[in-house]
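In: what shape does this take:
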Amino acid sequence: MTIKSDYYGNDTKWWVGVVKKNTGDPATVKVRIFGVHDMDDQTNIPNDYLPEALVLYPNNSADGSTAHNLKEEQWVVGIWADGGNFQQPIVVGTLKKSNAINNNSTAGGSPSSEGTSSSASPGTPGAEPTVPGNLPQGDNPKIVFNYIRTKAKSEWGITDQAAVNIAAAFVGAFTSESRVRVNRSGHIDQPKCKGRTIDGMVVSGHAYGLAQWGCEREIKLKKHCPGNRLFDINCQLDYFWWEMNGPFKSVKAELIKPSNSSSLASLSKIIVDRFERPAQNLRAGRYTQDAKNALAAKNKFESQPATTPPANPSASSSAPSPTNPYGDPSLWGL
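Out: Residues are numbered from 1 along each chain as shown. The predicted model follows:
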């Protein structure tokens, strides 16, 4: 019997946090977690945009008929269901408030650490996936898939099959990074990033959106999607497409090679190593899981007709210039 290593619970990590908002769903609350979210400053991550934490019920209330009864400002303890990806918290109990925890702690996970140089390429891609992963619910995976499929086919001069694979691979990566949610925010465990001033804006130390853009890329995203548009899926996709045709055009060149575009495993590895760039110790697991997620996206969306990308309300004179995008790229750490 072969024991797989990429299952929920294999890399359990504990956390302590404070309930900040009841969602109206008896099974979830929004929790601000020490070491991941600033506890006193809501400028970068308002309470509305905190991840939804599942609440563990006793076996005699497993049907959810009884409300969890958690109150705002109540301290809770829990685990990350997805281990080092730091995207799905589960509340398992409550605590009496303690002063033993530093509200300004910056320790914690790194769902999208920019890590080493973009050319880093540890290991080899896994075998082509045969068992699909689990895609999140909602329309976002389909929107992302159709956007990338249509744009890649029309603008990159590749076949529809290659565009399908590339789109599926990015949906797979975004599933691991953010569950394909535009309002997901995570923590970048890189002291060199937090507090830096770039183009007149201070790096928060958090990662945002579909791809969990952080560090310098956080600032570029915020400049492209200012204010309320930061969490608009069309604006995030527009920014993503600009990255792929600008500072990450070398990644695009690798993705569209026929030897890579025909393989979900190869595409997933390229995206992990050169676009998402999580911490080195997370990459091997990501190769396998992202490829499985990609297969799920391909199976679900390939047969559906590709649609024209939605009109982008973020398009304006402040959109990034292809010749001088957001200052000096040499400062980006790419």
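In: can I see the domain layout of the chain?
Out: Taking automatic domain parsing as the reference, the chain has its domains at 13-95, 140-331.
In: pick the most buried one from these.
Out: Highest mean neighbour count among the domains of the chain (mean count of other Cβ atoms under 10 Å): domain 140-331, with a mean of 20. To be clear about C-beta, it is placed using only N, CA and C from the backbone, and glycine gets the same treatment.
In: ok so, going back, least confident of the domains of the chain, on average?
Out: Lowest mean pLDDT of the domains of the chain: domain 13-95, a mean of 80.
In: and that one, how far from the chain's centre?
Out: 18 Å (Cα atoms, centre = their mean, to the nearest Å).
In: surely Ile158 meets Lys151?
Out: No: counting by Cβ atoms under 8 Å, Ile158 sits too far from Lys151 to count as a contact (10.8 Å).
In: rewinding a little: got the domains of the chain as TSV, with distance to Asn134 columns?
Out: Below are those laid out as TSV (distance: least, Cβ to Cβ, whole Å):
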stretch	distance to Asn134
domain 13-95	11
domain 140-331	7
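In: quick one: which of those domains is nearest Gly133?
Out: When those are compared by Cβ to Cβ, domain 140-331 sits nearest Gly133, at 3.6 Å.
In: the stretch 101-250 of the chain: strands as residue ranges?
Out: Assigned by DSSP state E, counting those that start in this stretch, the stretch 101-250 of the chain shows strands spanning 185-187, 197-198, 201-202, 206-208, 213-214.
In: and the third one, what does it pack onto?
Out: Applying 3 or more Cβ pairs under 8 Å, 6 or more residues apart in numbering; DSSP states H and E, one finds that strand 201-202 makes contact with helix 216-224.
In: need the CA coordinates for the helix it packs on. PDB is fine.
Out: In PDB, the C-alpha atoms belonging to helix 216-224 read as follows (Å, rounded to 0.1, in the frame of the first residue of the first chain):
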ATOM      1  CA  GLU A 216       7.300  44.300  -4.800                       C
ATOM      2  CA  ARG A 217       4.500  42.700  -6.800                       C
ATOM      3  CA  GLU A 218       2.000  43.800  -4.000                       C
ATOM      4  CA  ILE A 219       2.800  47.400  -4.900                       C
ATOM      5  CA  LYS A 220       2.500  46.900  -8.600                       C
ATOM      6  CA  LEU A 221      -0.900  45.200  -8.100                       C
ATOM      7  CA  LYS A 222      -2.100  48.000  -5.900                       C
ATOM      8  CA  LYS A 223      -1.000  50.700  -8.400                       C
ATOM      9  CA  HIS A 224      -2.800  48.900 -11.200                       C
END
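In: just checking, what packs against it?
Out: If contacts are counted by 3+ Cβ pairs under 8 Å, 6+ apart, helix 216-224 sits against strand 201-202, strand 206-208, helix 233-245.
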